[in-house]
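Student: Structure here, sequence nowhere to be found:
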């Protein structure tokens, strides 16, 4: 199979196979379809013959080339496992789109970006049917935070250290860096450790509604999709708490994780 894969690397050879997939062709016809000199076409045809991907027969002074699909079947079988993995993620994405059309709490927008080779950031935002002061209270008051994201205790002043236990079961310390009521909040999570992250939130008034944008920076790049799914589930739970409903974090994270695995990291 390695010989076949090596033959498929070149774009001109793939073009030859696409032509032969539709019909046999002479070397001259193939040369006319490629933007390279005829000696180059001959070299490509030799590689394809050695890989078992084409057959050649002689008719008078002409060589007629045709496709041999059998070696591609082995490649297709090898790709089958990966195709199944990708299909399951596409199915999850389709399911998520359908849910978003039906559920008013599933309107959160999430993105992921790389900060360097090892760390990245997750950014999620949503607009809520409440005024900015009420949403600020939901994001800063311990009893209201406990309804949708985390139990929180400690010194709630700027510079103070807090302890959090999230719905996800993650627990750890944080330090409040900025608390600009009712617009801006910045907390350093696990300060002074290798796992330190910056958790920042912005609240913006939009008429009688309020937009919340949350970004966490410094997360491990290879697990960024899991954090993205987690933060979207948290913001959806915020909407549920404002409506007097209970958390659905675990179920939503399970549904969202494969969806975020299909999303690009910019």
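Tutor: Received it, and whenever you're ready, just let me know what you need. Owing to the predicted nature of the structure, the values given are computational and were not obtained by experimental measurement.
Student: which one in the chain is furthest away from the centre?
Tutor: residue 60 (56.3 Å; C-alpha atoms, centre = their mean).
Student: where do the strands sit along the chain?
Tutor: In the chain, the segments counted as strands under DSSP state E are 25-26, 54-59, 62-67, 109-114, 119-128, 150-154, 161-166, 171-180, 184-189, 197-206, 209-220.
Student: helices and strands around the shortest one, which ones?
Tutor: What it means is strand 25-26. If you count contacts as 3 or more C-beta pairs under 8 Å, 6 or more residues apart in numbering; DSSP states H and E, strand 25-26 packs onto strand 62-67. All C-beta spots, glycine's among them, are computed from the backbone N, C-alpha and C.
Student: What of the longest one?
Tutor: Contacts of strand 209-220 with other secondary structure elements, assessed using 3+ C-beta pairs under 8 Å, 6+ apart, are made with strand 119-128, helix 132-140, strand 197-206, helix 224-242.
Student: Mean neighbour count, these: which tops it?
Tutor: Per-stretch averages of neighbours, counted by mean count of other C-beta atoms under 10 Å, single out helix 224-242 among the helices and strands packed on strand 209-220, with a mean of 23.
Student: Average pLDDT for it, rounded please.
Tutor: Computed over helix 224-242, the mean pLDDT rounds to 95.
Student: relative to strand 150-154, how tilted is that helix?
Tutor: Using axes from the mean of the first three to the mean of the last three C-alpha atoms, to 10 degrees, the direction of helix 224-242 lies 90 degrees away from that of strand 150-154.
Student: tell me the angle helix 224-242 makes with strand 209-220.
Tutor: 150 degrees.
Student: sorry, back to before: out of the strands of the chain, which comes closest to residue 253?
Tutor: strand 161-166 (11.2 Å; C-beta to C-beta).
Student: which neighbours does that closest one have in its sheet, and in what orientation?
Tutor: Counting by DSSP bridges, the strands paired with strand 161-166 are strand 150-154 (antiparallel), strand 171-180 (antiparallel).
Student: What are the contacting residues of that strand?
Tutor: Strand 161-166 is contacted by residues 149-156, 171-176, 187, 189, 234 when judged by C-beta atoms under 8 Å, 6 or more residues apart in numbering.
Student: what about the spatially closest residue to residue 226 that is not a sequence neighbour, how many neighbours?
Tutor: Setting aside the residues directly before and after it, residue 226 is nearest to residue 257 in space (C-beta to C-beta, 6 or more residues apart in numbering), at 5.8 Å. When neighbours are counted by other C-beta atoms under 10 Å, residue 257 registers 18.
Student: how far away is residue 239 from residue 232?
Tutor: Residue 239 sits 11 Å away from residue 232 when distances are taken as C-beta to C-beta, to the nearest Å.
Student: so where's the chain shaky on pLDDT?
Tutor: 83-108 (pLDDT under 70).
Student: Tell me how far stretch 51-59 lies from the chain's centre.
Tutor: For stretch 51-59, the separation from the chain centroid amounts to 43 Å (computed by C-alpha atoms, centre = their mean, to the nearest Å).
Student: List the buried residues for it?
Tutor: 51, 53, 54 (16 or more other C-beta atoms under 10 Å).
Student: Do me a favour and get the end-to-end distance for stretch 131-149?
Tutor: Stretch 131-149 has its terminal residues 20 Å apart, counting by C-alpha to C-alpha, to the nearest Å.
Student: ok, and what's touching that stretch?
Tutor: 128, 130, 151-153, 156, 166-167, 179, 181-183, 185, 201, 203-205, 208, 210, 212, 234, 237-238, 240-242, 247.
Student: Take the buried residues of stretch 51-59 and lay them out in JSON lines including distance to residue 34.
Tutor: Output for the buried residues of stretch 51-59, formatted as JSON lines (distance: C-beta to C-beta, whole Å):
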{"residue": "51", "distance to residue 34": "18"}
{"residue": "53", "distance to residue 34": "16"}
{"residue": "54", "distance to residue 34": "14"}
